[in-house]
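**Student:** Give me the fold of what follows.
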Amino acid sequence: MQLGASKPVSINTELAKAYFQPLKELCDSLGLDPSHILSSLLKLPEVVSPSTDMFSVSEWEDFKQVLDAAIFEIDKHRLDEGAALEKELALRIRNIEEQHEEVIKLDPLRKQKIRDNITKLLEENVGAEKTDHNRMEQELIYYIEKIDITEEQVRLKNHCAYFMTLLNDNDTAKGKKLSFVIQEIGREINTTGSKAYDAGIQKWVVM
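**Tutor:** Down below sits the predicted model:
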């Protein structure tokens with residue numbers, strides 16, 4: 001095996017000497033300054049050439065053993081690092097799923113609380129006898145539908161499950177997919193927080 005290009009170049013001194021005499025004679029005959037002959041010599045063919053030192057078979061075998069050991073250690077480090085990261089990611093997804101369960105428990109209470117608060121406000125400011133209960137029920141349904149977080153919770157559950165499926169996949173090029181699913185998980189959590197209008201749910205969203 002040929003050594004790297006960082007080895008010093010070799011100079012063919014015998015060839016340089018053979019070139020020198022004719023060049024000096026030419027300078028003398030033309031009355032030129034011979035002090036620049038050296039720079040001209042170094043540019044002539046085959047005077048300067050890269051080193052062509054070669055590994056011996058035994059040197060290459062020794063080097064190959066060191067190289068193989070280094071590659072093995074790098075691969076092992078990457079596998080250990082990947083295993084630790086996989087464990088951490090799985091833990092965080094489980095944490096999200098646990099917080100998600102708490103949000104699901106609170107959601108029915110949130111809707112009833114909103115209904116009760118609006119009804120109370122109307123009774124205090126308008127009066128129960130002046131309220132059109134059918135119209136109020138329609139408005140309540142419309143309002144509660146606008147702040148409903150059921151769709152976000154379904155998507156969040158599916159995203160978490162899909163993330164774990166990808167995480168356990170043997171595909172080595174799954175990083176971009178995982179990154180995309182993480183963004184989707186974050187989007188559903190943020191939307192839940194913005195639509196909840198409930199301190200209890202927003203607490204779990206932050207967590």
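
**Student:** helix or strand right after the helix or strand encompassing residue 40?
**Tutor:** In this structure, residue 40 sits in helix 37-42 according to DSSP states H and E. Next helix or strand after helix 37-42 toward the C-terminus (DSSP H and E): strand 48-49.

**Student:** could you say what helices and strands that following strand packs with?
**Tutor:** strand 10-11 (3 or more C-beta pairs under 8 Å, 6 or more residues apart in numbering; DSSP states H and E). From N, CA and C alone the C-beta is placed, and that goes for glycine too.

**Student:** So in that sheet, which strands flank the strand it packs on, and in what orientation?
**Tutor:** strand 48-49 (antiparallel) (DSSP bridges).

**Student:** Now the element after the partner strand, going C-ward?
**Tutor:** Past strand 48-49, the next helix or strand by DSSP H and E is helix 57-125.

**Student:** Could you tell me how far the residue lying farthest from the centre of the chain is located from residue 22?
**Tutor:** Ranking residues of the chain by C-alpha distance from their mean position (C-alpha atoms, centre = their mean) puts residue 29 at the top, at 70.6 Å. Residue 29 sits 11 Å away from residue 22, going by C-beta to C-beta, to the nearest Å.

**Student:** Quick one: low-confidence residue ranges for this structure.
**Tutor:** 1-9, 50-53, 122-123, 126-133, 135-136, 139 (pLDDT under 70).

**Student:** No further questions, thank you.
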